[in-house]
Structure formats: C-alpha cells, structure tokens
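In: Need the 3D shape of this:
(2 chains)
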Amino acid sequence: MKCRLCNRETIENNSGFCPYHNECIKKIDAGFEKWRQAYGELNWQTYLQRLHERHETGDWTKECCYILKKEKKHKFIF
Amino acid sequence: MPLLQDSSPYTLVICEKPDAAERIAEALSEKELNIKKYGNIKIFTLKRSERTYVVCSAIGHLYTISDPLQKRYVYPVFDVDWFPIHMIDRKRNYISQRVAIIKKLAENADAFINACDFDQEGETIGFNILKYACNGKQTTALRAKFSTLTKTDIQEAFRTTVQGLDIGLAKAGRTRHIVDFIFGINLSRALSESFHKFNQGYRVITIGRVQGPILSYVINREVEIRTFVPTPFWRLNIELDKSGSTIIADYEKKRILKISEAQNIKKRCEGKKGVVTNVTKSKYNQFPPFPFNLGDLQKGAYQAFGFIPSQTLMISERLYLNALISYPRTSSQKLPPSIDYLRILKGLQRSKVLNKDATEVLHGKLVPNQGPKNDSAHPAIYPTGDIPKRVLSSSENKLYDLIVRRFFAVFGEVAKRERISVTVDIGGYLFNTYGKQTLCEGWLKFYRKYVNVDDKLIPHLVENDELSPKSLVMEEKFTQPPHRYNQSSLLEKMEQENIGTKATRANIIQTLYDRGYFSGTNIFATDIAFAVFDVMKLYSPEIISIEMTRKIEENLDKIERSKMDEEIVIHQAVDQIMDSLSAIKKAEQEIGGKIGQAVIKTIHKQHRLNSCPICKKGFLIIIRSKKTNKQFIGCSGYDAGCQASSPLPQNGTVTSTGKTCSNCGWPIINIRFKRKSWRLCANITCTSKRMVKEDEM
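Out: Take a look at the predicted model:
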C-alpha cells in the first residue's frame, strides 16, 4: 500500500503512512504535549496551524500537519 | 627509432606527474639538462655522478581496474584485471602515447627508480608502471622517498634510495582499487540495469563502498530536518546601565519552557535595579593550533575562503608541484625537526610580506605545537621556504598565505586570555553576563586573520555595584533543526569515521553531486538519493552501513603492514556482495520503478521555477523543446491558456535561485557556463534590463 502523502510503501501498522511520515506523526503528537505545557491553553487545531507556519518545521511534518488539520482527528494512528 | 640518441644504459626515473618530473630532473641535474618533447610529453636526460638518468612521468594513474568484457549491463563481475586507462576510457586516449614512451624507455634502462609520491596511491601508480610498462621491474626498482619537491629534499631522497618498493603499501593500494571496483561496478550495474529495464533512456545510478555511508549520513540528516517538530521556549535578557555604559545580561536559565514562568519572572523583575552579586575573573590559555593535515587544511580553507574540499586539494597540489609547500595528501599533524625549521623560516624571510612575522618566529623557541595524528609517509603540510617564482593566482595566493601563517602560528607562544563572569540579582532572579579579552596575543598575532577571536569588553564591575534597568525583553524562541552538512563538514565526518582516504574523500562527495544525489552548498538529498538509499536499506543494508567499510579499511591497514593477505579481503568482498546482487535481481522491477519515479521527480524539481507572475495559477518551468531542442521558460498552465514564456541562452546550465525579480516578479535564475555564472531575471522584457542597457549607452 502507498503512503497517503508520498509514493513510498506504508509501514505495517495500518497508519497509511510511510516510515518517514509516520515518524512525523509521532513527533507531532509528542510535540503537542510540550506545546500545551509551554503555552498553557492550546487546542489541537491551533497547534497544527502554528506548527505549519513555523519555518523550522520540517517539510514532511508540514505535510502531515496539513492532512491532520483537514481530518480534524487527534491521535488517529498508533 | 630510438627515443634517446645516447645508447648507453641509464636509470629510468618514474614520477607521478609531469611537473614533478621537471622539478626532479632540475634538482638532480649536475650539468646540462636535456629535454626531449614528444607531443606534450617531456623526457629529461641528465648526468649525475657519471651516470645517465632519464626522468619520465605518469599523469596520475596510467592503469586501472576493469572487467575484461566491459559490457555495461553484465553483472556480477568478479574476474577483474589491470588495464591501461586509454583502453577503458576513450576520452583519455592521450595516455596511450605516454604508456608507449615509458615502455620504449624501459627497454634500454638497466635500473629503475620509483619517484612517485610516497603514499598508497603513489606506490600503486609506480608499482603498476614498473610491472606492466617496465616488464616486471617492481621487485628490483629503487624507491626515492621525499615530502617536498625542493632541490635539497630531492637530492637527499636520491642519495638515500632504498631497494625495492614498499610492497605492503602497494598491495593495500591495489586491493583498495579492486575491492572498490567489485562493490561499485556490481551494485551500480545492478541499479542502472533495473532503471534501464523499466524506464526510458539510460542513467548511471551508482553506489559504492564509500558512497554508501556518505549517502547514509546525508539522508539521516535530511530525515531529521524534514521530520523536525520545533518546540517553543523563552529567553529573558535585560539591558542595564552602569555610568552611561550598557550591559546586556541573560536570565540564568537559557530556556524557560513555560510562557507563564517567563511572564512571571518578567513581571517581578521589571523596573527593579540590579545588584552585582558576583564577579569572577578567570585566566586561561589558548594553545597554538596543530600543523595542517589535509583534512584540517580543507576545513580551514572552507571557513576562510569558502573553497570546497576538492578545490583545496587541487590548489594545494599545484602549490606542491611548484615546490612551495610539502606534500599535501597527509594525515600527519606533526612537523619533525628534520624538515629544518630554521631553513624554512629564513627562506620565508626573503618575502616582503612575510619578513616581519618570519623574523618574529625565528626569535622564538622554534618548538612546534605537535598534533596527535601521525602519518608514516609524510609530515604535516608546511611551506618549503621557497619564494614563488611566478605570480600566483588569487586562490593559490590565499591558500599559500593560510598555510604559511598556520606554520608561523604552530611555533607561536600560548595566547593568554581572560574571561570575566558577572552575576546580577534583579528582584531575586539571577542574570549573567560576561566579557572576554586577550591579555597576551601569542600565536594569535600570526593567525588573527583566520581565527575568530571573540573579544567582548564590559565595564569595570565589582560586587554590590548597582545597575539601573533600561529594558527587559522576553523573547519567544523555537528549537532549531540540525544544520545541513556542507562539503567541509561532510568531509570532517568522513575523517572522524575513517572512511575513504585523504586523497579520495573530496572526489567521492563530488561524484554524489554529479550523479544528482546531492544539491546545493548546504547539502540537500534529492529524491534520487532517497530512492537509492531506500533500495539499499532493503536489499543491501551493509553497503550503507559504516561498519562494513570501516572493517575493510582496517583490513587494508593490515595489508599495508603485511599482516593480512589481500586475497582474504577480496574474497570477503565477493561473498558480501553476492547475496545483495541476487536480492536486487529478484526485485528489479520494483527497484527500477522506484528509482525511475525519483529521477522524474528530481528533474521536475530542478526545472521548476517560481509561480507564474502572469496567470498566478501555474508555475514557470524550464522546458526543452522536442522539436527544436532549444530551452526556454514556459508556464505549466499553458494548456489552460497562459502564454507566459521567455527565451533562455542555449549554452549553459540554468538553475533556480528561489528569488524573484523586484521589478517584474519573474524568477531570478542562475546561468552557469564553463567556469562563469550569471544571475539575472528570467524575463526577457524586464525593465531592469532595459535600464542597464540605457545606462550602458
């Protein structure tokens, strides 16, 4: 099966993502906790929006932010 | 027809490069030097102690490893042999004449001296010439060993020639070529063949024993950058006033992880006076740098002038061939007294520019600060003390100056510096500031041009001094992704991991650029690089792992010290590669498809410029017309009716700079033709161009 964001093969955990994008999803999820603690109040959608806008954010992470924002799902894998 | 008029027997001296041959001949000649030219090839005949010497030269390697079949689709290939390069590479046909001349000269020679550079490559070059062109004289030939091409060094080397070549060194060099060829040719052919079968056209897809780990470093870094998730943190810094002088102090915690905490501290500190609670002065020594080895020189030249490593190697070789510096392909960071420091410094004194510094060094102790790395064949890089006999090019001059000043610096005294750390209490919170100053310049006075001395002066402060606040700033920061490798830092990584040789590292990086795996000054891994890496990870993981190549390097070292048989290393390489090749063969279609897609994607990215300023929907791309074969810029929205287009020069490589023209919004492109490059707006009708034209008129 192909990754939902690129043409690579998906990993075998039904996430629908290749290893690289799956790594991003993991990092985004871990990052949410850090951001929430840092800002106090922060919802998932605002987090994704702000993460997407940062120039430090990796390109693949931005692609994942985009798809996560659209699906409005939190922790939709693992 | 005989090559030489005199039919008496002579000693044939074999050198690695033509310039080296000329220098050696000049240094050995006691009376007149007879030069005979055959096309571009010079043969030097000279008399020395009543004996005739004929000095000829190679032009780097004259023989190379290849497979006798030479069919680019056939693999595996294990039956390999040495061939004259012109038989393998038609572009290097000029080598055939050189080989023929050496063969002819060898017929009448009764003694042979290998005077190639004394390292693995030099020994391999000399060994192969003596074996194949001189009818197996590698066992009886003498060896002249030298580290500089100065007259005294060359004469000394020929006075103390040793019987026989360093066979261990030659065997290690030859084995390296064979192993690298076996890995490179088989895996590259397997990948290229997979690509060729399932895609249109032919493209060389390479991977090798050293290329693999380098690719792995760059890909791993690329993945870290592309998957990076920044996290926020805050910093507080305060501007304080002390009798009109400003002091900037940072809150003691470099990273405040919660905004509420940062706001709270800011609130409590704002408007409050600072009290100096602690002033600590610490003196420390800054030791002179180590003498340059090749890696350090490449790093230094990149930092100082932006020279890429292969450029530094090329320039340093030119300086070596002009007898201005010692042999640059060395790992050593040591300068033995045998190089005669005094003679070199006295030589450098003759230069107007260097006279002052050379004189000052001469008045010192003349004990260099030796580094830990050693090289049995050559000392660290040092100036020979000879003054340039020709005008050096700008880049040669820069590198020469760097080498000379480094040489001065290693003899310099320790620089003494002082750091003043100050702690300020503001409302119960501690803020720090520091100052730095040089107390005694020492070696820095010779090398200040090339070293970053971060002197930072702060006003005189003592405990309980009161400082009035000027402003308190709370900055929101984010963690940063790791830096991309550049050619210099990648070379440093290779050196740390001990992969490749000092002579080949820079060229291997260049090959990865040439294959389209890397792009940019700060290295980006392209889609092709990812595709090749993913394939290798799946079907031949050992080729991208550092362990395998490190093991081979260790074994080559053992061969050099005659502690291992080369056959074992070659057989191990063959065993390792067999499994990988059969796995690749089975998955040919999948691999071909993957690499094919990556190639298309990479080409599209390379050809894609900015978004179209006319239709605002499509983007501008570099197109080559199938009909006329001419390149131009057009819009991807052509089918939707966008007519945006602009012609391009037909010669040269066009690349995007990522910038847009402030006048018309079209992309600024870079056109590279031969060694020159131009940056200009891609729009032929751009007003900026008209203005330039009018100005010119």
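In: What is the lowest-mean-pLDDT helix or strand in chain A packed up against?
Out: Across the helices and strands of chain A, mean pLDDT, DSSP states H and E gives its lowest value to helix A:59-71, namely a mean of 91. Packing partners of helix A:59-71 (3 or more Cβ pairs under 8 Å, 6 or more residues apart in numbering or on different chains; DSSP states H and E): helix A:19-39, helix A:44-53, helix B:211-226. Bear in mind the C-beta positions are built from the backbone N, C-alpha and C, glycine included.
In: for the shortest one, packing partners?
Out: Going back to what we said before, that points to helix A:44-53. So helix A:44-53, by 3+ Cβ pairs under 8 Å, 6+ apart, packs with helix A:19-39, helix A:59-71.
In: Check the longest one too.
Out: The helices and strands touching helix A:19-39, judged by 3+ Cβ pairs under 8 Å, 6+ apart, are helix A:44-53, helix A:59-71, helix B:211-226, strand B:232-242.
In: same question, the last one
Out: Under the contact criterion of 3+ Cβ pairs under 8 Å, 6+ apart, helix B:211-226 touches helix A:19-39, helix A:59-71, helix B:487-496, helix B:505-514, strand B:524-525, helix B:527-539, helix B:546-560.
In: and if we set it to 7 Å?
Out: helix B:487-496, helix B:505-514, strand B:524-525, helix B:527-539 (3 or more Cβ pairs under 7 Å, 6 or more residues apart in numbering or on different chains; DSSP states H and E).
In: For residue 38, list the residues it contacts.
Out: Just so you know, I chose chain A. A:Ala38 makes contacts with B:231-232, B:257-259, as judged by Cβ atoms under 7 Å, 6 or more residues apart in numbering or on different chains.
In: other chain: chain B
Out: B:97, B:101.
In: Over to it: give its phi and psi.
Out: phi -120, psi 100 (degrees, to the nearest 10).
In: Residue numbers of the stretch 301-450 of chain B in contact with chain A?
Out: Within the stretch 301-450 of chain B, not a single residue sits near chain A (Cβ under 7 Å from any Cβ of the partner chain).
In: all strands of the stretch 301-450 of chain B, in order?
Out: B:415-426, B:429-440 (DSSP state E, counting those that start in this stretch).
In: Distance of the most centrally placed residue in chain B relative to chain A?
Out: For chain B, B:Pro309 is the residue whose C-alpha lies nearest the centre (Cα atoms, centre = their mean; 2.2 Å). The spacing between B:Pro309 and chain A, counted by Cβ to the nearest Cβ, to the nearest Å, is 28 Å.
In: Need the pLDDT of that residue.
Out: Here the pLDDT value assigned to B:Pro309 is 88.
In: was I right about it contacting B:Asn486?
Out: No. Assessed by Cβ atoms under 7 Å, B:Pro309 is found out of contact with B:Asn486, at 9.8 Å.
In: pLDDT weak spots in the stretch 1-150 of chain B?
Out: Filtered on pLDDT under 70, the stretch 1-150 of chain B yields the residue ranges B:1-7.
In: Tell me, how many residues neighbour the closest residue to chain A within it?
Out: Per Cβ to the nearest Cβ, B:Tyr75 is where the stretch 1-150 of chain B lies closest to chain A, at 25.6 Å. Using other Cβ atoms under 10 Å in any protein chain shown, B:Tyr75 is surrounded by 21 other residues.
In: so it touches B:Ala190, yeah?
Out: Yes. At 5.6 Å, B:Tyr75 and B:Ala190 qualify as touching, with contact defined as Cβ under 7 Å.
In: which residues do these two both contact?
Out: What both B:Tyr75 and B:Ala190 touch, as defined by Cβ under 7 Å, 6+ apart, is the set B:Leu581.
In: Just the CA atoms of stretch B:20-40, as CSV, please.
Out: Coordinates of each C-alpha in stretch B:20-40 appear next as CSV, following Å, rounded to 0.1, in the frame of the first residue of the first chain:
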residue,chain,number,x,y,z
ALA,B,20,57.1,16.7,-10.5
ALA,B,21,59.3,15.1,-13.2
GLU,B,22,60.5,18.5,-14.3
ARG,B,23,61.4,19.6,-10.7
ILE,B,24,63.1,16.3,-10.0
ALA,B,25,65.1,16.5,-13.2
GLU,B,26,66.2,20.1,-12.5
ALA,B,27,67.2,19.1,-8.9
LEU,B,28,69.2,16.1,-10.0
SER,B,29,71.0,17.6,-13.0
GLU,B,30,74.6,18.5,-12.3
LYS,B,31,75.4,20.0,-15.7
GLU,B,32,73.0,20.5,-18.6
LEU,B,33,69.5,19.1,-18.7
ASN,B,34,68.5,17.6,-22.0
ILE,B,35,64.7,17.9,-22.7
LYS,B,36,63.1,16.0,-25.5
LYS,B,37,59.4,16.5,-26.3
TYR,B,38,57.0,14.0,-27.8
GLY,B,39,53.8,15.9,-28.3
ASN,B,40,53.0,17.2,-24.8
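In: which of the residues in it are buried?
Out: B:20-29, B:34 (16 or more other Cβ atoms under 10 Å in any protein chain shown).
In: surely B:Ile154 meets B:Ala27?
Out: Yes. Counting by Cβ under 7 Å, B:Ile154 touches B:Ala27, with 3.9 Å between them.
In: list the buried ones in stretch B:163-183?
Out: Quick answer for stretch B:163-183 (16+ other Cβ under 10 Å): B:165-166, B:168-183.
In: Now do the helices in the stretch 351-500 of chain B.
Out: B:355-362, B:394-411, B:444-447, B:487-496 (DSSP state H, counting those that start in this stretch).
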